[in-house]
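> sequence and predicted model, in that order:
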Amino acid sequence: MSHGKQFTLYTHKSGPNGWKVAYVLEELGLTYESIYLDFQSGEHKAAAYTKYNPNGRIPAIIDHKNGDFTLWESDAIILYLVDKYDPEHTISAAADADKYLQLQWLFFQASGQGPYFGQAAWFSLFHPEKIPSAQERYKNEILRVFSVLEEVLSKREWLVGDKPTVADISFIPWNNFAISGLLPGVELAEKYPALLAWHGKLTSRPAVKKVAEIQAEVKKQ
């Protein structure tokens, strides 16, 4: 493989966690090549990939300008990228206290948002049997997470400090998924106005819009 670009990003055309890493790479102006693994054929479980990520999930990155350093788990990747390549803290917290708040929100995203939103998507869209109790449980978890975010964002513009950081950016892909189809019958604008305003500002960022365009194109392929 030619390493004309600094990073190789192993990802998936639809998987939200890979797109969140792409947002950060774009925000920081880092060059990368995306390799979209085919889940249907099991590429994410094959030895050619699990040598990089033994968990057999996406994403994973290789930093070719740092000795082919390899890392998996999306929020760990995000922290690596800003720690190493955002010295001016354009999208990351600078103050010590804010760094821990940023970490707090990244942990909440990784533990409270991603898994529950993923299960909501699975039981609503992909599970071979319709299990109403499971659908209801995970829909309620989305609403719980949305309520946490709404409570905070009704009092402040961004999750950490006075600017958007990776703490905010990390929530975009799964929120996209939930807002676009996992909450039928829920009046989002009425219940979560601050969250929707925040999400709209994030998705209007040039780097995020660029990645959204790339995502739309690769989904056609």
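Thanks, I have the structure now. Numbering: from 1, shown residues only.
> what average pLDDT does the helix ranked longest in the chain get?
Longest helix of the chain, by residue count under DSSP state H: helix 132-153. Average pLDDT, helix 132-153: 93.
> what helices or strands is that helix leaning on?
For helix 132-153, the elements it packs on are helix 114-121, helix 193-203, judged by 3 or more C-beta pairs under 8 Å, 6 or more residues apart in numbering; DSSP states H and E. Heads up, the C-betas are built off the backbone N, CA and C, glycines and all.
> now the strands for this protein?
7-11, 32-36, 60-63, 69-72 (DSSP state E).
> okay, these in TSV with mean neighbour count next?
What follows is these, written out as TSV (neighbours: other C-beta atoms under 10 Å):
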stretch	mean neighbour count
strand 7-11	23
strand 32-36	19
strand 60-63	24
strand 69-72	16
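> redo these as CSV? Include mean pLDDT.
Output for those, formatted as CSV (pLDDT from 0 to 100):
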stretch, mean pLDDT
strand 7-11, 98
strand 32-36, 97
strand 60-63, 98
strand 69-72, 98
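> nearest to residue 122, of the ones you listed?
Residue 122 sits nearest to strand 7-11 of all the strands of the chain, at 18.9 Å, using C-beta to C-beta.
> what are the contacting residues of that closest one?
Applying C-beta atoms under 8 Å, 6 or more residues apart in numbering, the contact partners of strand 7-11 are 1, 18-19, 21-22, 25, 30-37, 49, 52-53, 58-64.
> and what of stretch 28-48?
Identification of contacts with stretch 28-48 by C-beta under 8 Å, 6+ apart yields 4-13, 18, 22, 25, 49, 56-58, 61, 81-82, 85-86, 90-91, 214, 218.
> on that earlier part again, looking at the helices and strands packed on helix 132-153, which is nearest to residue 147?
The closest of the helices and strands packed on helix 132-153 to residue 147 is helix 193-203. By C-beta to C-beta, the value is 8.9 Å.
> format the strands of the chain as a markdown table; extra columns: distance to residue 192.
Compiled in a markdown table, the strands of the chain are given as follows (distance: least, C-beta to C-beta, whole Å):
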| stretch | distance to residue 192 |
| --- | --- |
| strand 7-11 | 28 |
| strand 32-36 | 31 |
| strand 60-63 | 32 |
| strand 69-72 | 32 |
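> re the thing from before, which of the contacts of stretch 28-48 are buried, as a ChimeraX select command?
One line in ChimeraX is enough to select the buried ones among those; burial here means 16 or more other C-beta atoms under 10 Å:
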select :6,7,8,9,10,11,12,13,18,22,25,49,57,58,61,81,82,85,86,91
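> quick revisit: of the strands of the chain, which approaches residue 142 most closely?
With C-beta to C-beta, the closest approach to residue 142 among the strands of the chain belongs to strand 7-11: 23.2 Å.
> give the partner strands of the closest one in its sheet and their orientations.
Looking at strand 7-11 with DSSP bridges, its partner strands are strand 32-36 (parallel), strand 60-63 (antiparallel).
> adding distance to residue 130, write those out as a markdown table.
Shown next, in a markdown table, are those (distance: least, C-beta to C-beta, whole Å):
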| stretch | distance to residue 130 |
| --- | --- |
| strand 32-36 | 30 |
| strand 60-63 | 34 |
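> among those strands, which is nearest residue 104?
Proximity to residue 104 (C-beta to C-beta) singles out strand 60-63 among the strands paired with strand 7-11, at 23.4 Å.
> give the other helices and strands that the helix or strand of the chain with the lowest mean pLDDT contacts.
Least confident helix or strand, the chain: helix 114-121 with a mean of 87, by mean pLDDT, DSSP states H and E. Contacts defined by 3+ C-beta pairs under 8 Å, 6+ apart place helix 114-121 against helix 16-27, helix 132-153, helix 172-177.
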